[in-house]
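Engineer: here are the coordinates; sequence isn't available:
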């Protein structure tokens, strides 16, 4: 349900007042037509008499309404407004708390990231890699020439292999 704006509340009050006045005017016309109350030959006298009667009925109805219904409705409206206000304040506080929590988490992540960057900058392997990438030798790279004529032997001791890649059995004489 949408909260009512002051304009909507005023429109509802005016509509209620118009409806109530219409009902009372209809009652006054019914009483006049039935001839239940002072009926005179003069139109002006009847108009003034029924205007006073309608005004009296409206005044009594307004007084009864104020006495019985308005106070309890006003109290409920005040309580409802207070609850709405408190819930808005709670939502605002929760939102502020969540924002502060996120800020702290971001600061924490920034500190962790800064520490990791510092550790990387101080890591000797990373320094060596960066030096190699920049073309700086620093005297740590090997200076001898490779023997390109002879292939590297990475297998065990020169044993022969079968065509399927397994080691051939040694022949005993």
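Structural biologist: Perfect, I can see it now. This structure is a prediction, so every number in the text was calculated from the model and none was measured. Numbering: from 1, shown residues only.
Engineer: right, and the helix or strand after the longest helix along the chain?
Structural biologist: In the chain, assigned by DSSP state H, the helix with the most residues is helix 71-122. Downstream of helix 71-122, the first helix or strand assigned by DSSP states H and E is helix 124-133.
Engineer: tell me how far the residue nearest to the spatial centre of the chain lies from residue 87.
Structural biologist: Most central in the chain under C-alpha atoms, centre = their mean is residue 95, positioned 8.6 Å from the mean C-alpha point. Here residue 95 is placed at a distance of 12 Å from residue 87 (C-beta to C-beta, to the nearest Å). Yep, even glycine has a C-beta here, placed from its N, CA and C like the rest.
Engineer: pLDDT below threshold where in this structure?
Structural biologist: For the chain, the stretches with pLDDT under 70 are 1-4, 6, 136-144, 147, 151-158, 170-173.
Engineer: gap between stretch 9-24 and the chain center?
Structural biologist: Distance, stretch centre to chain centre, for stretch 9-24: 38 Å (C-alpha atoms, centre = their mean, to the nearest Å).
Engineer: how about the host helix or strand of residue 7, which residues are buried there?
Structural biologist: Assessed by DSSP H and E, residue 7 sits inside helix 6-34. Within helix 6-34, the residues that count as buried by 16 or more other C-beta atoms under 10 Å are 24, 28, 31, 32.
Engineer: now the residues you listed in JSON lines, with distance to residue 16?
Structural biologist: Formatted as JSON lines, the buried residues of helix 6-34 follow (distance: C-beta to C-beta, whole Å):
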{"residue": "24", "distance to residue 16": "13"}
{"residue": "28", "distance to residue 16": "19"}
{"residue": "31", "distance to residue 16": "23"}
{"residue": "32", "distance to residue 16": "25"}
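Engineer: done for today, thanks.
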